[in-house]
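J.: With the input below, show me the fold.
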Amino acid sequence: MGSLTPPGHHGAPIGEGAFAPVYDALGATFCADRFTHQQVWECSQVAGVRVWASHRGETWMFVPYNAAEAASVMLAVLPRLLTWQPGASFDPVARALPRDARLRPYQLEVLQRFAQPQCGERLLLADAMGLGKTASAIACMKLRGGPKLIIGPKSLRSTWRAELQKWAPGERFDFIETIQPAVVFQEALPDISALKWVYIHYDLVHAWWSWLRLVPFTGVVLDEAHTVKNVTTLRGRAVMQAVGAIPARVILTGTPVENRVAEFHHLLELLTGKGTWGSKGAFRIRYAGAKPNIHGGLVDGAPTHTEELQQRIRHHYVRRTVSMVRQQGLELPPVERIPVPVPLDDKAVARLQKVLTPAALHALSLWRQTGTLPSAEDHQAIKAVGALRAAVSKHKVDATVQTVRRHLEAGEQVVVFTWTRDMAAHLATHFSAISDGAGATVITGEQGLGARDKAVFTFRERCEAGRRGVLIATYGALGVGVNLQCANVVLLHDLDWTPGVMLQAEARVWRGGQRRNVLSYWMVADATFDEYIIRTLLSKADEIVAAIGDEEPQQLREAFSVYARPEAGVEDFVQQLALWAKNRI
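T.: Model (predicted):
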């Protein structure tokens, strides 16, 4: 019973909290801070009544309908619980959503979990990409009245507008897009009492904090929350402050652990409050098997205490993959992940020799020993690794062009992802004569949000009209949130050592609403560090599966098992690079 006292204590009311019940199919949940300890204790003795203390020190109570009369008498509440009607701030689900909106069964499970007393309206929804997390989050927030705050990447503004038009038709939607609050205060800021849904992207939260704290937000949604890598940065601190005063929270991410188990720490801190999970270092030591390295930092090892971690998050964490919800109303064709080996040739070896400098070899050797690249302060090493990656990327161009051209000639639509805008532009030049004369659609980070939205819209129109086409984008510009189910082929030209980045890009095409089988090509340059990246991806995927029971990364091992066991006699990766540098290959 948390901080409750035994009978006989007739102290002052626990607090001045509001008495506004939230109804579900079983009963009503409400904050009991307005009642005395004695009243709460007596009511807790009624069969079916549950009482608990939240992490903020509030006392909450759940009363089933069959115990409503007895609870009403003990709490001296008139009218009785059976006749209570929810206020405007707590609409039941049936009234909260428009009649023509229908959630799938697995999405309704999210609402049930959100309303459970143990959850306390703090939910980390980590469903796989494309399962409709946005609709589920809106439904949860509709349980609460007043203004709601949405924090997410800038590129998701149009996605949220479209979803709100469907699930909350007619309700006001404001988008904060300038870093100068004073200008907006004078010209466009609405009255606080008129706010309903407010969207702001992560990079602007710190500039708008003084205004955001004045708005009595009743709920907050953090979309693509895994992009907040560190709560100690300016952006991370601002987001933590903005979320800290809002009671109801839904954290959305299709990849709760993009890279390593340690990344789960910041999501849990955003969910339950700063400091509630200890320091990140302590979290890594406890759950990520971190140990000191020769450089004085920590290096994560195999996950530890995984059962304890899963037990601690069980009430607040929901994660379903496509295979888990196929029987609950999701009609999603399968995806076939196809590794495309790109063999080395004399031209590629000569190109790699030029960039295999001592700085590059040092950085890769450090990566091999510690699992991390040099720090951002080591500009020379970082630049050397970038040059090496660029050389490998150029080596794969011909293979990528051939693969894409084959599908375009068959009249299909293709989405290609790469790391740099230069490579995106270079690939686009190869398709100027195809795509029915329209060339390739290119989306990079240097384009404004409006230009990106227009490019996506144009590409969708072409695809929906049955015309072949290719869209080439950088991971950072189009890696999250955008729906491209109009295409059925996705090609990942450059590899990343973070599993979540690759899966997020792939999910732009393979997501809810897709009607065709999806082909996902992963371009892998043979005998280069591409193979090492694949092995690193598989190793990290195993850690994620072990730590939080995530099934999706395990599917990577099935697709790339050929790279999981290096052939006997193949020399170490770094040694191969050294041999190349000495012109022995």
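J.: now A248: how far from L123?
T.: 9 Å (C-beta to C-beta, to the nearest Å). (C-beta placed from N, C-alpha, C; glycine too.)
J.: Between those two, which contacts overlap?
T.: C140 (C-beta atoms under 8 Å, 6 or more residues apart in numbering).
J.: Please say which of the two ends up with more neighbours.
T.: L123 (27 against 19; other C-beta atoms under 10 Å).
J.: Tell me what the more buried one is bridged to.
T.: V250 (DSSP bridges).
J.: That one: what's it in contact with?
T.: With C-beta under 8 Å, 6+ apart, L123 has these contacts: V110, R113, F114, C140, R249, V250, I251, L271, H316, V318.
J.: Quick check: the two most widely separated of those residues?
T.: V110 and L271 (14.7 Å; C-beta to C-beta).
J.: Just want the phi and psi numbers for the residue nearest to the spatial centre of the chain.
T.: The residue lying closest to the centre of the chain (C-alpha atoms, centre = their mean) is T253, at 2.1 Å. Backbone geometry at T253, expressed as degrees, to the nearest 10, gives phi -160, psi 130.
J.: Which member of the contacts of L123 is positioned nearest M502?
T.: For these, the nearest to M502 is I251 (21.8 Å; C-beta to C-beta).
J.: so that closest one sits right up against V220, yeah?
T.: No: I251 is not in contact with V220 according to C-beta atoms under 8 Å; the separation is 9.1 Å.
J.: Same list, the contacts of L123, but as TSV with pLDDT and distance to S155 please.
T.: Formatted as TSV, the contacts of L123 follow (pLDDT from 0 to 100; distance: C-beta to C-beta, whole Å):
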residue	pLDDT	distance to S155
V110	88	24
R113	87	28
F114	89	26
C140	91	23
R249	93	22
V250	95	19
I251	93	19
L271	88	23
H316	89	27
V318	89	24
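J.: The residues you listed in helices, which ones?
T.: V110, R113, F114, C140, L271 (DSSP state H).
J.: Most neighbours among those, which one?
T.: F114 (27 neighbours).
J.: Please tell me the pLDDT value assigned to the closest residue to L332 other than its chain neighbours.
T.: Among residues not flanking L332 along the chain, V322 sits closest, at 5.5 Å (C-beta to C-beta, 6 or more residues apart in numbering). Per-residue pLDDT puts V322 at 72.
J.: same deal with M523?
T.: 92.
J.: ok now do it, which residues does it touch?
T.: V340, V342, K396, A399, T400, T403, L491, L492, H493, D494, L495, D530.
J.: And the strands in the stretch 451-585 of the chain?
T.: Under the criterion DSSP state E, counting those that start in this stretch, the stretch 451-585 of the chain contains strands at 469-474, 489-492, 518-525.
J.: counting contacts, what elements does the second one pack onto?
T.: So the one you mean is strand 489-492. Under the contact criterion of 3 or more C-beta pairs under 8 Å, 6 or more residues apart in numbering; DSSP states H and E, strand 489-492 touches helix 397-409, strand 413-418, helix 499-506, strand 518-525.
J.: per-residue pLDDT, K148?
T.: If you check K148, the pLDDT there is 94.
J.: So what's the residue count around it?
T.: 27.
J.: Report the residue spans of the stretch 51-200 of the chain with pLDDT below the cut-off.
T.: Scanning the stretch 51-200 of the chain with the threshold set as pLDDT under 70 gives 55-56, 65-66, 76-101, 179-190.
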